[in-house]
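Chemist: Would you be able to build a 3D model of this:
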Amino acid sequence: MEALKKNAAWKGRRGPLVLVIMDGVGYGSFREGDAVASADMRRFRALEASCPRTRLKAHGTAVGLPSDEDMGNSEVGHNAIGCGRVFAQGAKLVGASIASGAMFRGESWKRLVAARGGAGTLHFIGLFSDGNVHSHLDHLRAMITRAKADGVRRVRVHALLDGRDVGEQSALEYVEPFEAFMAGLSTDGFDCRIASGGGRMYITMDRYGADWAMVERGWRVHVRGEGRRFASAKEAILAYRAEKPSLIDQDMHEFVIADANGPVGPIVDGDAVVYFNFRGDRALEITAAFESDAFDKFDRGRRPRVEYAGMMEYDGDLHVPTHYLVSPPAIDRTVGEFLAASGVPMLAISETQKFGHVTYFFNGNRTGKFDEALEDYVEVPSDRVPFEQRPWMQCAVITDRVLEAIRSGKYRFIRLNYPNGDMVGHTGDYQAVVCGLEGMDIQLGRLRAAVEAAGGILVLTADHGNSDDMYEHDKKTGAVVMKADGTPRAKTSHSLNPVPCVVYDPEGRGEYSPELRPGLGISSLAATCLELLGYEAPEDYDPSILVRSGS
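Modeler: Numbers count the residues shown, from 1 in each chain. Below you'll find the model as predicted:
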């Protein structure tokens, strides 16, 4: 990797560049439900009012997703911020592979279906919605249809209910049509059914080792068929909702579908398993449970001998999983790699829930550092309680560590993620979201003072929206959708809204215009950061938001 070229007209500042990613903080389209607008974020708004600022696109084609109807997410957002270019991302890659037939010509698919024409079962585990952040049901439909055509006789689906990237109580909108689809396909000796399920934040889809008990619960229900039994997924959902009407899908407890003979789809020796999520962060732990010989996170008990494949390669450095259906984008020449080659000391920090985003995803889906001597990574352990109970999360502790780093003078580039706007936003608890944002705002004031004292630069931005759009709105009228009790229906998914970009540069000497370029995406943050550090951005990077004076 070549070193970056120095910018002859721009030497940078005496202090560090601090990039703050306020996860899930955007500019809302509606007054009602915009927790960002409701929150007392006086420190952020003071910076916004007095500093160069613009709005950046953080969804759809601007971050490599198939269309502008697709919400952004933290994975692709940090990819874009860290690599400075837009790569075709998970959903787009998978859709293209299915459309071209490349997925089904691949060796991994052939391995999965080869031995499933007899007594073996082909299992699909994944997020059961069309949110297009971790998965899409169209992909599952296509694979099941092809499996039947390829001679598979028995398919079982293990459904992780969403309520996070889609409506909070929308599970039946997906389950009922899909069960009709499976019933229509179950002819000529083909047998396809949902076998188990539960909420994505209760079973299976943990990430970054935050709560392995989630994965253990998923293992028990999917693999061993252990859990509360029901005759159908619909019956399970209705039963849980009857017991707790406010229950949102992502928190639903596990269910096992059973008939007179017992569970209809435990995973046994000789079966095949596809984890059909394309996004990697919430796929690695369940993958380890299936693949790792030295697994020690919980007692798996019976570990079936199966053919296992992920939708994509979830970790390109560790090559996990061993087999996968679609290759992820090959992201190279990232900001971190260029800065390491240029001798720039760096710090990446967040709490557990977003630690992988400022490291793995920021570095182009790469595990590990580019240069051990130049890079420090700090993970602050996240609380293991529902985020609405402690919405401030670890933002103060993160800030404590960043202030120490600024004062040390060791680093020229510091990047951090405050998860509050996203992780609390996903709970649907409006009051908690406001509290979390206000807690984060207090930390922005502390950062500002430290950056000013050090003679550095503070860049405030986000990877996508979420807390800016907390209520469901009627698509035609824009009116808030109300529940039967007269309260607004919570929206727990990401938004399609633009995100902030504010540059606080207290020792600026007029090197660039106070008017920043409009209409760009978050991928332009990479070139912006390199320029603020005193370097020329690579020619193929998306343009910086800065307009140099006199240009």
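Chemist: And Arg217, which helix or strand is it part of?
Modeler: Using DSSP states H and E, Arg217 falls within helix 212-222.
Chemist: so Ala180 is in which element?
Modeler: Going by DSSP H and E, Ala180 is part of helix 171-185.
Chemist: hmm, back to that, in PDB, list the C-alpha atoms belonging to the helix holding Arg217.
Modeler: Taking C-alpha atoms only, helix 212-222 is exported to PDB below (Å, rounded to 0.1, in the frame of the first residue of the first chain):
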ATOM      1  CA  TRP A 212     -24.100 -15.600  24.100                       C
ATOM      2  CA  ALA A 213     -27.300 -16.700  26.000                       C
ATOM      3  CA  MET A 214     -29.300 -15.400  23.000                       C
ATOM      4  CA  VAL A 215     -27.300 -17.800  20.700                       C
ATOM      5  CA  GLU A 216     -27.700 -20.700  23.200                       C
ATOM      6  CA  ARG A 217     -31.500 -20.100  23.200                       C
ATOM      7  CA  GLY A 218     -31.500 -20.200  19.400                       C
ATOM      8  CA  TRP A 219     -29.400 -23.300  19.300                       C
ATOM      9  CA  ARG A 220     -31.800 -25.100  21.600                       C
ATOM     10  CA  VAL A 221     -34.900 -24.200  19.700                       C
ATOM     11  CA  HIS A 222     -33.500 -24.600  16.100                       C
END
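Chemist: and it, which residues are buried?
Modeler: Of the residues in helix 212-222, 212, 214-222 count as buried by neighbour count, 16 or more other C-beta atoms under 10 Å. From N, CA and C alone the C-beta is placed, and that goes for glycine too.
Chemist: Tell me which other helices or strands it touches.
Modeler: Helices and strands touching helix 212-222, by 3 or more C-beta pairs under 8 Å, 6 or more residues apart in numbering; DSSP states H and E, are strand 154-161, strand 191-199, helix 284-291.
Chemist: Let's have those in CSV, adding mean pLDDT, mean neighbour count and distance to Ala454.
Modeler: What follows is the helices and strands packed on helix 212-222, written out as CSV (pLDDT from 0 to 100; neighbours: other C-beta atoms under 10 Å; distance: least, C-beta to C-beta, whole Å):
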stretch, mean pLDDT, mean neighbour count, distance to Ala454
strand 154-161, 98, 27, 45
strand 191-199, 98, 26, 44
helix 284-291, 96, 22, 37
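Chemist: Out of the ones you listed, the one nearest Ala330 is which?
Modeler: Of all those, helix 284-291 sits nearest to Ala330, with 19.1 Å by C-beta to C-beta.
Chemist: ok, residues contacting that closest one?
Modeler: 125, 204-207, 209, 212, 215, 218-219, 273, 275, 295, 297, 300, 306, 308, 310, 314-315, 320-322 (C-beta atoms under 8 Å, 6 or more residues apart in numbering).
Chemist: coming back round to it: the helix holding Arg217 vs strand 191-199, what angle?
Modeler: Orientation check (axes from the mean of the first three to the mean of the last three C-alpha atoms, to 10 degrees): helix 212-222 against strand 191-199 gives 160 degrees.
Chemist: If I take helix 212-222 and helix 284-291, what angle do their directions form?
Modeler: Going by the same axes, to 10 degrees, helix 212-222 is angled at 50 degrees with respect to helix 284-291.
Chemist: From the contact counts, what lies against whatever helix or strand comes next after helix 212-222?
Modeler: Using DSSP H and E, the helix or strand that directly follows helix 212-222 along the chain is strand 229-230. Applying 3+ C-beta pairs under 8 Å, 6+ apart, we find strand 229-230 packed against strand 255-259.
Chemist: Could you tell me which strands the strand it packs on is paired with, and in which direction each runs?
Modeler: Paired strands of strand 255-259, with direction, are strand 191-199 (antiparallel), strand 229-230 (parallel), strand 262-263 (antiparallel) (DSSP bridges).
Chemist: Nearest to Ile349, out of those strands?
Modeler: strand 191-199 (29.9 Å).
Chemist: CA atoms only: put that closest one into CSV for me.
Modeler: This file holds the C-alpha atoms of strand 191-199, laid out as CSV (Å, rounded to 0.1, in the frame of the first residue of the first chain):
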residue,chain,number,x,y,z
ASP,A,191,-42.6,-31.0,2.3
CYS,A,192,-41.9,-27.5,3.4
ARG,A,193,-42.8,-26.0,6.8
ILE,A,194,-41.7,-23.5,9.5
ALA,A,195,-40.1,-25.5,12.3
SER,A,196,-39.2,-23.0,14.9
GLY,A,197,-38.7,-19.3,15.6
GLY,A,198,-38.6,-16.4,18.0
GLY,A,199,-37.6,-12.7,18.2
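Chemist: Would you mind getting the angle between that strand and strand 154-161?
Modeler: Taking the same axes, to 10 degrees, one finds that strand 191-199 is oriented at 20 degrees with respect to strand 154-161.
Chemist: what is the orientation angle of strand 191-199 with helix 171-185?
Modeler: 170 degrees.
Chemist: Make sure His123 is indeed in a strand.
Modeler: Yes: His123 forms part of a strand when assessed by DSSP: H, G, I helix; E, B strand; the rest coil.
Chemist: What count of nearby residues applies to it?
Modeler: As a burial measure, His123 scores 28 neighbours (other C-beta atoms under 10 Å).
Chemist: Please name the bridge partners of it.
Modeler: With DSSP bridges as the rule, His123 is bridged to Arg156, Val273.
Chemist: can you pull the contacts of it?
Modeler: Contacts of His123 (C-beta under 8 Å, 6+ apart): 155-158, 195, 222, 265, 267, 271-274.
Chemist: now, among the residues you listed, which is nearest to Val113?
Modeler: Nearest to Val113 among those is Ala272, at 7.5 Å by C-beta to C-beta.
Chemist: What pLDDT is listed against that closest one?
Modeler: The score at Ala272 is 95. That number is its pLDDT.
Chemist: can you check Ser67 too?
Modeler: Predicted confidence (pLDDT) for Ser67: 81.
Chemist: By residue count, what's the longest helix in this protein?
Modeler: helix 430-454 (DSSP state H).
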